[in-house]
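>>> here are the coordinates; sequence isn't available:
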């Protein structure tokens, strides 16, 4: 993988760059739609490309391992072929999912022992097996196996968790470097910074992660309930240490305002289920603020979903019609809302990139953050 930075904003730490993988180029900053089980929920691949303008999507190792299983994916020739997607894919290692199973898992030095949420069957993830599974899935960018600490947590717990993550990282990287990709193209391994909301732990973790000199780095364990100001503080702390010439991925974040604030702090890559999950529940993100389409005020509003210009997706549907679909629990309503939100997120990061390049990002970002948080 190759990463080039073309322009750096002079007033913030935002940058416009390009990631090159063997499945295509990715213009950064970028938002990655979440395709947990090999599908972005409610959205087909054609619409992801034509309407959403997605350049890369995310899959999840935990879920794909359990269903359909690595044997099926390997027989298909990897996830790209299995789901008919020829653009880049990133896979999360499954650490967050495993550690969210608080009643059904045990952490040990060798790895995480857990019970499947599907059928209760027993499994173990180790740093080495996670590499093997992601080799079989075949994502272009794969993640280290880490522990995502909850919020709040005690300092001692966060420190022990971070140290375990570092030991697992060393094992996972060694195994990755001693193994080969399965499908004729290269894969890239991203370590993950942890440390909860403690400055010194984040600094220690960022220094440790950077010492491995990989092609890119991720920041995990944020957007898990902590105040947003603490999340931004942790991003600043970490990005002062991580290499300036490598991509930075902020995992699981977040709202449109979160993304713009992350970009201004030097983040290049984002993912979040919010566009699709919130869309299915009737929440729409627009350039003028947030719409709860279920509200009765939209019942007879026949204006387009996006007032400030053309809709982000190829549909003439009005707010009133979309409200009718959502309230009636029609599948089409969830699909259109998800498409709109995803296309909005991709528009947002593309617009941010253009503003970085033309030198107007800082002022534009400040105005947009205020507008995006308004409830319409």
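It's in. Note that this is a predicted model, so its numbers are computed, not measured.

>>> so who does residue 226 touch?
151-152, 197 (Cβ atoms under 8 Å, 6 or more residues apart in numbering). Placement of C-beta: from N, CA and C, glycine included.

>>> meant to ask about residue 214
By Cβ under 8 Å, 6+ apart, the neighbours of residue 214 are 173, 188-191, 246.

>>> In strands only, show me the residues you listed.
188-190 (DSSP state E).

>>> Let's verify residue 16: helix, strand, or coil?
strand (DSSP: H, G, I helix; E, B strand; the rest coil).

>>> Look up which residues are beta-bridged to it.
residue 7 (DSSP bridges).

>>> residues near it, how many?
23 (other Cβ atoms under 10 Å).

>>> Got phi/psi on the residue positioned nearest the centre of the chain?
Nearest residue to the geometric centre of the chain (Cα atoms, centre = their mean): residue 271, 1.9 Å. Torsion angles at residue 271 (phi, psi; degrees, to the nearest 10) stand at phi -150, psi 150.

>>> who's in contact with the closest residue to it other than its chain neighbours?
Leaving aside its sequence neighbours, residue 271 sits nearest to residue 32 (Cβ to Cβ, 6 or more residues apart in numbering; 4.3 Å). Contacts for residue 32 (Cβ under 8 Å, 6+ apart) come out as 54, 56-58, 90, 269-271.

>>> per-residue confidence at residue 305?
Note on residue 305: pLDDT of 88.

>>> so it touches residue 285, yeah?
No. Taking contacts as Cβ atoms under 8 Å, residue 305 lies outside contact range of residue 285: 10.2 Å.

>>> Domain-wise, how is this structure divided?
2-271, 279-372 (automatic domain parsing).

>>> between those, which gets the lowest average pLDDT?
domain 279-372 (a mean of 92).

>>> ranges for the helices of the protein?
Ranges of helices in the chain, per DSSP state H, are 45-47, 61-66, 70-76, 79-82, 95-100, 127-137, 155-177, 199-210, 228-239, 256-264, 274-280, 319-327, 331-358, 361-372.

>>> end to end, how far does stretch 72-82 reach?
For stretch 72-82, the first-to-last residue distance is 9 Å (Cα to Cα, to the nearest Å).

>>> That stretch: how far from the chain's middle?
22 Å (Cα atoms, centre = their mean, to the nearest Å).

>>> which of the residues in it are buried?
The neighbour-count check on stretch 72-82 (16 or more other Cβ atoms under 10 Å) flags 73-74, 76, 78-80, 82 as buried.

>>> which residues are contacting it?
Contacts of stretch 72-82 (Cβ under 8 Å, 6+ apart): 23, 38, 59, 64, 68, 85-86, 89, 91, 136-139, 182-183.

>>> farthest pair in those residues?
Farthest-apart pair in the contacts of stretch 72-82 is 23 and 68; separation 20.9 Å (Cβ to Cβ).

>>> between the contacts of stretch 72-82, which is closest to residue 215?
residue 139 (13.8 Å).

>>> Got the phi and psi for the residue in the chain sticking out farthest from the centre?
Using Cα atoms, centre = their mean, the residue of the chain lying farthest from its centre is residue 300. It sits 35.8 Å away. Taking degrees, to the nearest 10, you get phi -120, psi 30 for the backbone angles of residue 300.

>>> Now the common contact residues for residue 305 and residue 285.
Listed as contacting both residue 305 and residue 285 by Cβ under 8 Å, 6+ apart are residue 340.

>>> coming back round to it: tell me which of the contacts of residue 32 is nearest to residue 123?
residue 58 (21.5 Å).

>>> returning to that earlier point: any quick ChimeraX command for the buried ones out of the contacts of stretch 72-82?
Selection of the buried residues among the contacts of stretch 72-82 in ChimeraX, burial being defined by 16+ other Cβ under 10 Å:
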select :23,38,59,64,85,89,91,136,137,138,139
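
>>> Which members of the contacts of stretch 72-82 are positioned in strands?
Those of the contacts of stretch 72-82 lying in strands (DSSP E): 59, 89, 91.

>>> Residue 28 against residue 14, yeah?
No. At 10.2 Å, residue 28 does not count as touching residue 14 under the criterion of Cβ under 8 Å.

>>> list the buried ones in stretch 47-59?
For stretch 47-59, by 16+ other Cβ under 10 Å, it's 47-48, 51-52, 54-59.

>>> and the two most separated of the residues you listed?
Applying Cβ to Cβ across these, the maximum distance is between 51 and 59, 20.3 Å.

>>> thinking again about what came up before, neighbour-wise, which of the contacts of residue 226 leads?
Counting by other Cβ under 10 Å, top hit in those: residue 197 with 22 neighbours.

>>> what's near enough to touch residue 290?
Going by Cβ under 8 Å, 6+ apart, the list of residues near residue 290 reads 283-284, 372-376.

>>> okay, those residues in TSV with neighbour count and distance to residue 227 next?
Formatted as TSV, the contacts of residue 290 follow (neighbours: other Cβ atoms under 10 Å; distance: Cβ to Cβ, whole Å):
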residue	neighbour count	distance to residue 227
283	19	22
284	24	26
372	21	18
373	12	15
374	10	20
375	9	20
376	13	25
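
>>> ok, these vs residue 215, which is closest?
Within the contacts of residue 290, the smallest distance to residue 215 is 31.8 Å, found for residue 372 (Cβ to Cβ).

>>> Strands - which of the buried residues of stretch 47-59 land there?
Going by DSSP E, the strands hold 57-59 from those.

>>> Could you report the neighbour count for the closest residue to residue 276 other than its chain neighbours?
Distances taken as Cβ to Cβ, 6+ apart put residue 338 closest to residue 276, at 4.4 Å, once the chain neighbours are dropped. Neighbours of residue 338 under the rule other Cβ under 10 Å: 24.

>>> so residue 338 makes contact with residue 41?
Yes. Assessed by Cβ under 8 Å, residue 338 is found in contact with residue 41 at 7.0 Å.
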